[in-house]
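S.K.: Next one to model:
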Amino acid sequence: MSIVVEGVSKLYGEQKALDQVSFSIKPGEIVGFLGPNGAGKSTMMKIITGFIPASSGKVEVVGLNIQNDPLQIKARTGYLAEQNPLYYDMYVKEYLHFIAGVFKLKNPNKRIKEIIETVGLEIEQNKKIGALSKGYKQRVGLAQALLHDPEVLILDEPTTGLDPNQLEEIRGLIKKIGAKKTVMLSTHIMQEVEAICDRVIIINKGKIVADQAVNKMTDLFTSNTFIEVEFDGAIAKEKLLQIEGVIKAEKQTEFLWIIETGSHLDVRNQLFQLAVNEKLSIASLNKKTAKLEDIFKQLTAKELA
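M.R.: Numbering: from 1, shown residues only. Below is the predicted model of the structure:
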């Protein structure tokens, strides 16, 4: 295994940020690490990369124990922190030469040229980092994380603040990198996970609440049915919740709702009848498969014992 986490807890005073967290990641996997703000994602990533210690438990990266071999692990791990700490007054190539010196790379000029091409920094390589766009700053962050050719790549919110074009480019780059390395990334963007990840781990309130292949996540909620219904006028949420079997009704737009039912219940006929009773028409009505975003909301909304 590239990463093994066993029973890891982290305390900040009396506050428990992580509570007996365990999981493992195989070589060559791209794993999405998801959770709401404050769930413990960044704390777990900092522990894996050796930036902070765990209060208890064991972490191994590429077969090495983080407590016994922190420097060896850092030499074999690439880390892009959420805040992407860069030296804005340095030029791109100057900064990468600085990072190459930290890792004592042999033939740094060749490696820097390779990594600049890999992350698409050719046209910006002679600029100051502070003059770059957000997207290119993220590329510089990826370049420093990849420069020493690590076996494991840890990316904390790598696409935060990017525009749609930059998002697509960085996602493609991560997917390309993941073909040869183990990648663990945190994100709030569900489409990102569905687009590039093989597996998803969801953490809530410091505990793992799901760990599954992305294409099998909906198996966790096969008993739930989602119906998208659009009326031609306004309707009260309470009316929808009065239909037998309806668990939840979420308003998407002024007249568009997502209805959730349990136990494979199909309430489309009841929705038509409700529309008639309310002197409304149904503009559209479709059954939906539960998406990762739906599952994420349900798992992270639950109160854990």
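
S.K.: got a pLDDT number for S223?
M.R.: On the pLDDT scale, S223 is placed at 59.

S.K.: again with the one 5 residues further on
M.R.: E228 is assigned a pLDDT of 92 by the prediction.

S.K.: Is it in contact with K291, as I believe?
M.R.: No: under the criterion of Cβ atoms under 8 Å, E228 makes no contact with K291, lying 11.3 Å away. In this view, the C-beta of every residue, glycine as well, is placed from N, C-alpha and C.

S.K.: distance of the nearest residue to A283 once chain neighbours are set aside from L167?
M.R.: Nearest residue to A283, sequence neighbours excluded (Cβ to Cβ, 6 or more residues apart in numbering): E230, at 4.4 Å. Distance of E230 to L167, given as Cβ to Cβ, to the nearest Å: 28 Å.

S.K.: can you check P53 too?
M.R.: 34 Å.

S.K.: Which of these two has more residues huddled nearby?
M.R.: Using other Cβ atoms under 10 Å as the criterion, P53 and L167 rank with L167 on top: 17 against 13.

S.K.: just checking, that one touches T159?
M.R.: Yes: assessed by Cβ under 8 Å, L167 is found in contact with T159 at 5.4 Å.

S.K.: what about the residue lying closest to P108 once chain neighbours are set aside, distance to L155?
M.R.: Nearest non-adjacent residue to P108, counting by Cβ to Cβ, 6+ apart: A100, 3.7 Å away. Noted for A100: a distance of 20 Å to L155, by Cβ to Cβ.

S.K.: buried stuff in stretch 270-289?
M.R.: Residues of stretch 270-289 classed as buried by neighbour count (16 or more other Cβ atoms under 10 Å): Q270, L271, L274, A275, I282.

S.K.: what helix or strand is the second one on?
M.R.: Counting by DSSP states H and E, the secondary-structure element that holds L271 is helix 268-277.

S.K.: How is this protein divided into domains?
M.R.: Structural domains assigned to the chain are 3-215, 225-289, following automatic domain parsing.

S.K.: what about the first one, start to end distance?
M.R.: Length of domain 3-215, first residue to last, Cα to Cα, to the nearest Å: 22 Å.

S.K.: Please apply the same query to stretch 267-286.
M.R.: End-to-end distance for stretch 267-286, by Cα to Cα: 11 Å.

S.K.: contact partners of it?
M.R.: 227-233, 235, 239-240, 243-246, 255, 259, 261, 287 (Cβ atoms under 8 Å, 6 or more residues apart in numbering).

S.K.: quick revisit: what's the local residue count around the residue nearest to P108?
M.R.: Residues near A100, counting by other Cβ under 10 Å: 20.

S.K.: Let me see the contact set for it.
M.R.: P108, R111, I112, L147, H148.

S.K.: Which secondary structure element is home to it?
M.R.: Counting by DSSP H and E, A100 is part of helix 92-102.

S.K.: Nice, that's everything, thank you.
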